[in-house]
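# Please find the sequence and the predicted model below.
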Amino acid sequence: MLGSKLANCFLFFQQLQNDFCLQLRIVLFSRGHVLRTPLFFGPVLWVHYIAPVPDEPYEVCCWKKAKLHADCHVQVAKNFYSAPFTLRGQVLEVRITATAIELFYRQERVAVHVRQSSNQQGRYTTDGRHLPPSQKALLEHVPQRLREESQKIGPETAALVDRLFTLGNHPLRYLRRVQGLLRFARAVPIDRLEQAIRTCGQFGEDLPNCRTLEGLIASPLIPPAPVDPVVRKPNPYLRGSASEGVPHP
């Protein structure tokens, strides 16, 4: 019945409001509901019974449950988000919106993160306050110490170590590779190691492992062929300052 009234034409909003209220009263009366208050007679009366409009617009969301792993992260939409380490092993409720990830434990919000882009997978979003003191110290001191050690070897090695710590989806994802690279640097000539890393970069291998570098160091490295500089020859058909002193035919 209410749908049939949508085709009618109303000149004023009051006409639409009164007709809607009348049809709604008919529907409620047909279902056994009796209205004892003049709720639908004009906006002055019924507006006091309606809840105010919320300040923020409605946000579409979905809920799921996820277990907090030993590394203080839960997996949501193929990415990882941190939560307090005291809740490791507990099942958390996850509220997923278009822009945020909220984690709840026993109806209390324990963490909130900016949601990773949907085209990124395997990324870690970590809040340092969620980590235990031992793991926090590991994240803060170990990368800095290894970076300082790589800077003593050479610029190519330092740049490679920085990429391994920066481009990884977790700060310590390539920790073992970095440690192996620094141990490997003590057993090979530094100039050969620097040249091997530079050669890998020329072929698009930005994160080479020790096995690749060892193969390049053992094989003769072919230096790139020198490129002759471009020399501009006199052109009799040019005009202006570029053609000064050039005889015309």
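Done, it's in.
# rest of the way, CA atoms for contacts and neighbours
OK.
# lowest average confidence, helix or strand, in this structure?
Using mean pLDDT, DSSP states H and E, the weakest-scoring helix or strand in the chain turns out to be helix 43-46, at a mean of 50.
# Distance of residue 181 relative to residue 202?
19 Å (C-alpha to C-alpha, to the nearest Å).
# more neighbours, these two?
Between residue 181 and residue 202, residue 181 has the larger neighbour count (other C-alpha atoms under 10 Å), namely 21 against 11.
# Quickly find the element holding that one.
Per DSSP states H and E, residue 181 falls inside helix 175-185.
# Toward the C-terminus, what is the element adjacent to that helix?
helix 190-202.
# Find me the pLDDT at the residue nearest to the spatial centre of the chain, would you?
What sits nearest the mean C-alpha location of the chain, by C-alpha atoms, centre = their mean, is residue 116, with 3.3 Å. We note a pLDDT of 89 for residue 116 in this prediction.
# Wait, a strand at it?
No - counting by DSSP: H, G, I helix; E, B strand; the rest coil, one finds residue 116 to be coil, located in no strand.
# picking up where we left off before, other SSEs contacting the helix holding residue 181?
Identification of packing neighbours for helix 175-185 by 3 or more C-alpha pairs under 8 Å, 6 or more residues apart in numbering; DSSP states H and E yields helix 133-151, helix 155-167, helix 210-218.
# Would you mind finding the most buried of those?
Stretch with highest mean neighbour count among those: helix 155-167 (a mean of 18; mean count of other C-alpha atoms under 10 Å).
# now it, how far from the centre of its chain.
21 Å (C-alpha atoms, centre = their mean, to the nearest Å).
# now the angle between helix 175-185 and that helix, please.
Counting by axes from the mean of the first three to the mean of the last three C-alpha atoms, to 10 degrees, helix 155-167 lies at 170 degrees to helix 175-185.
# which other residues reach helix 155-167?
Residues outside helix 155-167 that contact it (C-alpha atoms under 8 Å, 6 or more residues apart in numbering): 143, 146-147, 150-151, 171-175, 178, 193-194, 197-198, 206-207.
# Just the element for residue 53, please.
Counting by DSSP H and E, residue 53 is part of no helix or strand.
# which intervals of the chain have sub-threshold pLDDT?
Scanning the chain for pLDDT under 70 picks out 1-14, 16, 25, 27-51, 168-171, 220-227, 240-249.
# so which strand or helix has residue 228?
Judged by DSSP H and E, residue 228 forms part of no helix or strand.
# Against residue 166, how distant is it?
In terms of C-alpha to C-alpha, residue 228 sits 37 Å off from residue 166.
# what does residue 100 give?
Counting by C-alpha to C-alpha, the gap from residue 100 to residue 166 is 23 Å.
# What of residue 192?
When residue 192 is compared with residue 166 (using C-alpha to C-alpha), they lie 25 Å apart.
# cool, residue 108 as well?
Computed as C-alpha to C-alpha, the residue 108 to residue 166 distance reads 33 Å.
# do residue 98 as well
Distance from residue 98 to residue 166, counting by C-alpha to C-alpha: 26 Å.
# Repeat that for residue 124.
Relative to residue 166, and taking C-alpha to C-alpha, residue 124 is found at 12 Å.
# Likewise for residue 125?
Taking C-alpha to C-alpha, one finds residue 125 at 13 Å from residue 166.
# do the same with residue 57
Computed as C-alpha to C-alpha, the residue 57 to residue 166 distance reads 37 Å.
# Would you mark the buried spots in stretch 228-241?
Buried residues in stretch 228-241, defined by neighbour count with 16 or more other C-alpha atoms under 10 Å: none.
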